[in-house]
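> Build the 3D model from these lines:
(chains A and B)
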Amino acid sequence: MSEPGSGAPGAGMHAIPAQPPPARRAPVLGAIGVTLAVFAAFPVLFTDPTTTSIAFFTLIFMISATAWNIFSGYSGYLALGHAVFFGSGAYAVAMSAKSWHVAGGWPVFALLPFGGLIAGAIAIPVGLVALRTRRHTFVVVTIAIFFIFQLAATNFGFTGGTSGMLFPIAPFSAANYNQPFYYVALALLVATTFVSWSVRRSRFGLQLLAIRDDEDRALGLGVKTRRVKLGAFVLSAVPVGMAGGLYFYFVGQVFPQFAFDPLFDLALALMAFLGGLGTVAGPLLGALVLESLQQYLTQTFSSDAIYLIAYGVLFLAVILILPRGVVPSIATLVRRRHAARSHPAGTMPEPRLRETAA
Amino acid sequence: MTLSAFAQAVVDGVLTGGVYALMAAGLTLIFGVMDIINIAQGIMVILGAYLSYELSAHVGIGLLPGLLLTVPAMFVLGVAIEFGFMRRLRDQDRTQMSILVTYAVAIVIEGIVTAVAGVDYVQLQASYVNSSIHMLGFYLPDIYLIGFGLAVALMAGLYFMLYRTKFGHAVRASLQNRTAADLIGIDVSRVRTISVGIGVAVTAVGGMVFGATNAFNPNTGYDLISRLLAIVILGGMGSIGGAMGAAIFLLVINDVVAVWWSPTWAPLVYFAALVVVLSVRPRGLFGRAAVRAQ
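Numbering: from 1, shown residues only, chains lettered A, B, ... in the order given. Next comes the predicted model:
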């Protein structure tokens, strides 16, 4: 797929991989189509309920990591409190199903946007408070807000306290119970990925990247940094809220300690980092690898301790070997080979010293 | 609530605040020198508590003499972690990556502690753990007094070391400007390694006192690190005096709410206090504008 006629002068144009030249668009679209087909066919090919539920959990994390990346990946602000939206979405769906007497099955899926809406509404005051602070302090403030929500869900009466809330029972047959959940999750994943991709290509996305690279300069250049950050924060909360509603509907019940789980916060960050922070495909890949691996490790090692050690060691190895994540590392490699091919020996341009992750 | 119960809660808050301040001082020292947020600090405190527990329950070495073994052990652990992981992080995104790396370290330590000690709650026992003295109308548990005394002494020692010794000057110089410190002949990477060692070593003492005043299991580390981070942020990152003030402020609020309202709401108010203060003063109670030249 080399570009005919792209001689020496145009060689430095690969800096913006978000907009591949027309000649490379077809294979990318083809790859997306094949991936989608594989995902759509998966529960048909593998009907074992254990496998399909692992696939469902993996989709939930792919949605959440992608949504998390819309704010944290693009803006560079590490948020470690997105479990607030996961849990709030779950509670919103459970409570509305209960008080509006929604029957189990497909009608509950229709409540998911409501869960997303509530999560987005909660993100506004949370973002207004947390985004007053910068960088490191922001990380800790999101953790603190996360604990406030967890403790509130445990202590308030209307959330059912520690015994949590029940969802209506889904009337799906035991053999095909997982399928509807899987396809709803897949649809949500496609939508979330599309949003992430559109943001990445838009002016709004460029403003976020400008904030990541140098917030003060972005402000000086006229980016309304507070508004942009808050917008991205709210936008990233909505899919996480919907995923939370879907996840706990699948489980059948929502408890404070699972709805507001600190490991969820860190898992999203880790997945995005592993795949490549600030890329569209990175969080998808990271969540796909990590969540399925985690489920596999949990089932392989009956002992929690060995599982924790294996997970932690793996995690350390990945960060130390691929500090920028898989997708940017591969992208750099491809770009180098491409450049090497279009520049015969001796005409190779000087490599840039520091490339920001694409 | 009576006035005396209120006063008792304040006194308890000050005493426990001292111990939290010591644990947070280690965290803030590591951040100040390395720009690293050590998420593993919480589980390290728990590891220190388990070391004290194993020594006292199985070897027969008491809690206080045991510190002579656990403090050097935690120092070595800190040096090893700095050497193995922290120094490998690139400068550009060091702080963010450090959160992930030290979190991974925390998971590994949690796994090892779980494998060795299990997940049952334990608490440290000694003759002075359950006794207390009655003074000026307050009941002061001996272990609180011992912990507060140790914490104040160690923090004074830390302060003395940072401001009155040659090593301390080297630490502060590397904290202000790494390049300049390098140029005047300071071995910055050695200073960093030793500082992380010291920052981790204090968790041995903090862990002993924490373990004697609270039941703990390997999972307790997560709750603890969140509280310590709140203290460090509120006190202004890198400031040891700020950590002391913020720890006492938050723990007094925590204990007063526990007595006056309910213990189940106290942790919520603890974190809410942080959020409220930061939304009024984003740089923390005692924080100053950035001192770092880099």
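
> Show me the helices in chain B, by range?
B:3-34, B:41-54, B:63-84, B:94-117, B:142-164, B:166-176, B:178-183, B:188-213, B:220-235, B:240-260, B:266-280 (DSSP state H).

> mind giving me JSON lines with those helices and columns for mean neighbour count?
(Glycine included, C-beta is placed from N, CA and C.) JSON lines is the format used below for the helices of chain B (neighbours: other Cβ atoms under 10 Å in any protein chain shown):
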{"stretch": "helix B:3-34", "mean neighbour count": "23"}
{"stretch": "helix B:41-54", "mean neighbour count": "26"}
{"stretch": "helix B:63-84", "mean neighbour count": "19"}
{"stretch": "helix B:94-117", "mean neighbour count": "21"}
{"stretch": "helix B:142-164", "mean neighbour count": "17"}
{"stretch": "helix B:166-176", "mean neighbour count": "18"}
{"stretch": "helix B:178-183", "mean neighbour count": "14"}
{"stretch": "helix B:188-213", "mean neighbour count": "25"}
{"stretch": "helix B:220-235", "mean neighbour count": "25"}
{"stretch": "helix B:240-260", "mean neighbour count": "22"}
{"stretch": "helix B:266-280", "mean neighbour count": "20"}
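
> which one of those helices lies closest to A:L288?
Smallest distance to A:L288 across the helices of chain B (Cβ to Cβ): 18.7 Å, for helix B:94-117.

> quick one: that closest one near chain A?
Yes. Interface with chain A: helix B:94-117 contributes B:95-97, B:99-101, B:103-108, B:110-112, B:114-115 (Cβ under 8 Å from any Cβ of the partner chain).

> re the thing from before, now distance to A:F264 and mean pLDDT too, for the helices of chain B, in JSON lines please.
Formatted as JSON lines, these follow (distance: least, Cβ to Cβ, whole Å; pLDDT from 0 to 100):
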{"stretch": "helix B:3-34", "distance to A:F264": "23", "mean pLDDT": "86"}
{"stretch": "helix B:41-54", "distance to A:F264": "18", "mean pLDDT": "92"}
{"stretch": "helix B:63-84", "distance to A:F264": "25", "mean pLDDT": "90"}
{"stretch": "helix B:94-117", "distance to A:F264": "13", "mean pLDDT": "86"}
{"stretch": "helix B:142-164", "distance to A:F264": "34", "mean pLDDT": "87"}
{"stretch": "helix B:166-176", "distance to A:F264": "34", "mean pLDDT": "85"}
{"stretch": "helix B:178-183", "distance to A:F264": "36", "mean pLDDT": "85"}
{"stretch": "helix B:188-213", "distance to A:F264": "26", "mean pLDDT": "90"}
{"stretch": "helix B:220-235", "distance to A:F264": "12", "mean pLDDT": "86"}
{"stretch": "helix B:240-260", "distance to A:F264": "25", "mean pLDDT": "88"}
{"stretch": "helix B:266-280", "distance to A:F264": "18", "mean pLDDT": "83"}
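
> so which of those helices gets nearest A:V238?
Nearest of the helices of chain B (Cβ to Cβ): helix B:266-280, 22.5 Å.

> In space, what's closest to A:I309 - neighbours in sequence excluded?
B:G111 (3.7 Å; Cβ to Cβ, 6 or more residues apart in numbering or on different chains).

> How about B:H134?
Computed as Cβ to Cβ, 6+ apart, the closest residue to B:H134 that is not its neighbour in sequence is B:L140, at 7.7 Å.

> The one you found contacts B:S132, correct?
Yes. At 5.8 Å, B:L140 and B:S132 qualify as touching, with contact defined as Cβ atoms under 8 Å.

> More neighbours: the two, which one.
Using other Cβ atoms under 10 Å in any protein chain shown, the more surrounded residue of B:L140 and B:S132 is B:L140, with 17 against 14.

> I'd like to know how far the more buried one sits from chain A.
The gap separating B:L140 from chain A is 29 Å, by Cβ to the nearest Cβ, to the nearest Å.

> contacting residues for that residue?
B:V11, B:L15, B:S132, B:I133, B:H134 (Cβ atoms under 8 Å, 6 or more residues apart in numbering or on different chains).

> which one among these gets closest to A:N176?
B:L15 (60.3 Å).

> show me the contacts for the nearest residue to that closest one once chain neighbours are set aside.
Ranked by Cβ to Cβ, 6+ apart and with sequence neighbours excluded, the top spatial neighbour of B:L15 is B:Y144, at 4.2 Å. Going by Cβ under 8 Å, 6+ apart, B:Y144 touches B:D12, B:L15, B:T16, B:T213.

> and of those residues, the nearest to chain A?
Set against chain A, the nearest of the contacts of B:Y144 by Cβ to the nearest Cβ is B:T16 (18.4 Å).

> wait, what's in contact with that closest one?
B:Y144, B:G147, B:T213, B:L251, B:D255.

> Please tell me how far it sits from A:G276.
Using Cβ to Cβ, to the nearest Å, one gets 43 Å for the distance from B:T16 to A:G276.

> For A:F233, what is the enclosing helix or strand?
Element membership for A:F233 (DSSP states H and E) is helix A:225-251.

> check whether that helix contacts chain B.
No. Helix A:225-251 stays out of contact with chain B when judged by Cβ under 8 Å from any Cβ, the minimum separation being 12.4 Å.

> rewinding a little: quick one, which of the helices of chain B gets closest to A:G116.
That would be helix B:266-280 among the helices of chain B, by Cβ to Cβ, at 24.2 Å.

> quick one, the closest one and helix B:220-235 angle?
Relative orientation of helix B:266-280 and helix B:220-235, computed by axes from the mean of the first three to the mean of the last three Cα atoms, to 10 degrees: 30 degrees.
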